[in-house]
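Engineer: everything below, folded, please.
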Amino acid sequence: MSDELTRLLVVASKDEDPTVRAHCALALGRLDTPFDQVLPALRRRLYDDVETVRDAAREGLRAMVERRKGGGAARYGDSRDDRTTA
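Structural biologist: Residues are numbered from 1 along each chain as shown. Next comes the predicted model:
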């Protein structure tokens, strides 16, 4: 199931709707999937024309790093954001 879900999210990350691309980027980063399966799609979204998609790709990458380090915030659906805003 995970491989199929990953494949579907990678395909959907190319959707014309930026909201779909953003949600896919977040989900790809939060899935428990090997990096090599999702990193290319997330890297493409870092250069998206829409800022919210780029932000989502950065957050997805951050979640991947946290997961690799063993952090709990990388789980899908965890809305914690440790960044501070000015």
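Engineer: okay, now the unreliable bits of the protein?
Structural biologist: For the chain, the stretches with pLDDT under 70 are 1, 71-86.
Engineer: all helices for it, in order.
Structural biologist: For the chain, the helices defined by DSSP state H occupy 2-12, 18-30, 35-45, 51-69.
Engineer: other SSEs contacting the second one?
Structural biologist: In terms of contact count using 3 or more C-beta pairs under 8 Å, 6 or more residues apart in numbering; DSSP states H and E, helix 18-30 is assigned the packing partners helix 2-12, helix 35-45, helix 51-69. From N, CA and C alone the C-beta is placed, and that goes for glycine too.
Engineer: what comes up buried for the longest one?
Structural biologist: By that I understand helix 51-69. If you call a residue buried by 16 or more other C-beta atoms under 10 Å, then helix 51-69 has these buried ones: 53-57, 59-64, 66-67.
Engineer: burial of Ala25, as a residue count?
Structural biologist: Using other C-beta atoms under 10 Å, Ala25 has 30 neighbouring residues.
Engineer: likewise Leu31?
Structural biologist: Residues contacting Leu31 under the criterion other C-beta under 10 Å number 21.
Engineer: fine, thanks again, bye for now.
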